[in-house]
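> can't give you the sequence, but here's the structure:
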């Protein structure tokens, strides 16, 4: 008869030990199996069992395992497992089931999971409950790589992924990833915890969940390394090697978060370092997920500290947009022009800039969602959700602003970047010169063998010989002759943009590559400007650096380090919705720690215009922003409630196209 739980677990434990000592008692499997199963399911552990009960529970689990083996995992075993799975849905937690299910062989696990996921009686809501409990039960001690709750989780995740039931997986990832990662602190839970974390995250194509465990990672790694020093076991060494490989894979997959990855790199220093080929093999080509993670919109509800500026939510590979917007907000004259211009239509590029500038200025939230800006300002040849080149996007938006303000050039924000240069070709034979003046919004500097931005600028303005195939056609000589080409800046822009040409094309191999050479930059630069045949040096101060993280032309991530207006010289790292304090010195030294995080676009302001007064947000625009904030807040809640609308996988997913330069998402 049913007994109170403390007595029941002791009786079961003693009975199990007795039965295993006298196997003849188990001769009638048909009677013993359902009886023991019923007794076992009668126990209720809504939380992890007391340590005194664990040995009794394990004894009973061993008895059930013995009965299954006698049944040859036949119909009786199947009925027992299905009863246990049904019990998972009706009971609060039933931790004792972890001891039983953890002893089921893999082939039986696969049959049980197939039944669960194909039964018309079990809906998605029930599957979510089962996955939740299985992940919760990873806390049950287990050191067997072939048996354990982690095998159930792996199989269920594989089937849910194959069925594209992504919402179940995404919800459980956000709910339990950090808690599961913390199980690495418990000796008997490490194997299952790391197996599940790796299975669920390595192919998940969104960084949100991985970043949630990054804050826990340094402490866990530090503790495990201390354990390895004290105990010197092969098991701990293997765990640290696998953990190091996991973090290398994830940082390779989601590059460009130095504020998160720096402490992890410090704690994994000296551990196994995989090659790029090994990392790609570990990641595989299969990816699953959504165009963007709806949980990333949670930041729209979080209040930001007053000391930090607001960030921009990544809406699916939109970091190339977010990084440029944050860089432009660090240019005082540009921001002031945007806010002083007459209020433009929301569906125009100027109107989109006005809105996003005002929203970043007055929001109290940690980040805003730039939906209207992205849909309005994204070039039509940039497919939605694809990785693109931030420098190409900058050129496009500045051109659009110039066209928007063609009838009122004094209201054109892009004019602050407009300079003029004169290209002169001189014939070496007769001395004839021909000159062409052209406006520019940015200067593209070839890296070559130069090691600093100052040297790159000198190389850009250095006279170039026109010989061989590059000979100059002289109008006076009426033929091609050797010549010399010189460039001179004749009109200095208020704000100078320098793009480092990091992406090259090899004519022989017909392939693109990224140049990872280090290029140093100082807090200021002097640019020679020619006025009335006299050279004058104009001093510029660095206010923002857009960084490309990654080794590929066709992918990676963009973020910005910049000094916004009214920051009193404080630099910040703008990484989509994540904003943190940094310094110019840390920005200058980034590539020393993160070899693939390279300065790409640098924004300078004339030093005499650095302290411009900050323009206020017009009242009409402020009111528009407030009303849109409320609507965006409700849209975000609705999206999280119903889940994201589009997904991909499971299957290979190619990289973004990257535009003319490097791609970034």
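Okay, I see it. Source: prediction; values computed, not measured.
> from here on, contacts and neighbour counts on C-alpha atoms
Fine.
> So what's the residue count around residue 475?
For residue 475, the number of neighbouring residues by other CA atoms under 10 Å comes to 12.
> confidence score at it?
pLDDT, residue 475: 87.
> again with residue 633
62.
> before we move on, what about residue 110?
Listed pLDDT for residue 110 reads 87.
> Also residue 490?
Looking at residue 490, its pLDDT stands at 93.
> How about residue 606, nearest residue that isn't a chain neighbour?
Leaving aside its sequence neighbours, residue 606 sits nearest to residue 540 (CA to CA, 6 or more residues apart in numbering; 4.3 Å).
> Name the SS class of that neighbour, please.
When classified by DSSP: H, G, I helix; E, B strand; the rest coil, residue 540 comes out as strand.
> Go ahead and confirm it touches residue 525.
Yes - the pair residue 540 / residue 525 is scored as a contact, 5.3 Å apart, by CA atoms under 8 Å.
> So for those two, which residue has more residues nearby?
In this view residue 540 and residue 525 are compared by other CA under 10 Å, and residue 540 has more residues nearby, 23 against 20.
> Next one: that one from residue 547, what distance?
Applying CA to CA, to the nearest Å, the value for residue 540 to residue 547 is 20 Å.
> what bits of the stretch 451-600 of the chain have low per-residue confidence?
Low-confidence segments of the stretch 451-600 of the chain, defined by pLDDT under 70: 566.
> Which parts of it are strands?
464-466, 472-474, 479-481, 483-491, 495-501, 503-506, 511-514, 524-531, 534-549, 557-562, 571-575, 578-582, 597-606 (DSSP state E, counting those that start in this stretch).
> Need these in TSV (columns: distance to residue 282).
TSV is the format used below for the strands of the stretch 451-600 of the chain (distance: least, CA to CA, whole Å):
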stretch	distance to residue 282
strand 464-466	48
strand 472-474	54
strand 479-481	57
strand 483-491	49
strand 495-501	31
strand 503-506	27
strand 511-514	23
strand 524-531	43
strand 534-549	20
strand 557-562	20
strand 571-575	26
strand 578-582	28
strand 597-606	22
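> Among those, which comes closest to residue 263?
With CA to CA as the criterion, residue 263 lies closest to strand 578-582 of the strands of the stretch 451-600 of the chain, at 14.4 Å.
> Could you find the closest non-adjacent residue to the residue positioned nearest the centre of the chain?
Nearest to the geometric centre of the chain sits residue 207, at 3.7 Å (CA atoms, centre = their mean). Nearest non-adjacent residue to residue 207, counting by CA to CA, 6+ apart: residue 254, 6.4 Å away.
> Distance check, that neighbour against residue 442.
Going from residue 254 to residue 442 by CA to CA gives 29 Å.
> and what of residue 508?
From residue 508 to residue 442 the distance is 29 Å (CA to CA).
> And these two? Which one has more around it.
More crowded of residue 508 and residue 442, by other CA under 10 Å: residue 442, with 21 against 6.
> my read: the more buried one touches residue 417, true?
Yes - applying CA under 8 Å, one finds residue 442 in contact with residue 417, separated by 7.1 Å.
> list the residues that contact both of these two?
Taking CA atoms under 8 Å, 6 or more residues apart in numbering as the contact rule, residue 442 and residue 417 both touch 496, 497.
> if you skip the residues just before and after it, what's nearest to residue 209?
Nearest to residue 209 is residue 174, by CA to CA, 6+ apart, at 6.0 Å.
> For the one you found, grab the count of nearby residues.
Residue 174 is flanked by 15 other residues according to other CA under 10 Å.
> Pull the residues that contact stretch 154-163.
109-110, 113-114, 117, 131, 166, 168-169, 196, 199-200, 288, 650.
> Neighbour count for those residues - can I get that in JSON lines?
Formatted as JSON lines, the contacts of stretch 154-163 follow (neighbours: other CA atoms under 10 Å):
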{"residue": "109", "neighbour count": "22"}
{"residue": "110", "neighbour count": "18"}
{"residue": "113", "neighbour count": "20"}
{"residue": "114", "neighbour count": "14"}
{"residue": "117", "neighbour count": "18"}
{"residue": "131", "neighbour count": "20"}
{"residue": "166", "neighbour count": "22"}
{"residue": "168", "neighbour count": "20"}
{"residue": "169", "neighbour count": "21"}
{"residue": "196", "neighbour count": "22"}
{"residue": "199", "neighbour count": "17"}
{"residue": "200", "neighbour count": "21"}
{"residue": "288", "neighbour count": "23"}
{"residue": "650", "neighbour count": "18"}
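> Need those in TSV (columns: secondary structure and distance to residue 214).
Formatted as TSV, the contacts of stretch 154-163 follow (DSSP: H, G, I helix; E, B strand; the rest coil; distance: CA to CA, whole Å):
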residue	secondary structure	distance to residue 214
109	helix	32
110	helix	32
113	helix	31
114	helix	34
117	helix	32
131	helix	23
166	helix	23
168	helix	23
169	helix	20
196	helix	16
199	helix	17
200	helix	15
288	strand	21
650	strand	25
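> Would you state the helices of the stretch 351-500 of the chain in chain order?
371-377, 390-404, 453-461 (DSSP state H, counting those that start in this stretch).
> Output the contacting helices and strands for the last one.
Contacts of helix 453-461 with other secondary structure elements, assessed using 3 or more CA pairs under 8 Å, 6 or more residues apart in numbering; DSSP states H and E, are made with strand 443-446, strand 483-491.
> repeat for the longest one
Contacts of helix 390-404 with other secondary structure elements, assessed using 3+ CA pairs under 8 Å, 6+ apart, are made with helix 319-328, helix 349-362.
> Compute the distance from the centre of the longest one to the centre of its chain.
In this case it means helix 349-362. Its chain's average C-alpha position is 25 Å from that of helix 349-362, according to CA atoms, centre = their mean, to the nearest Å.
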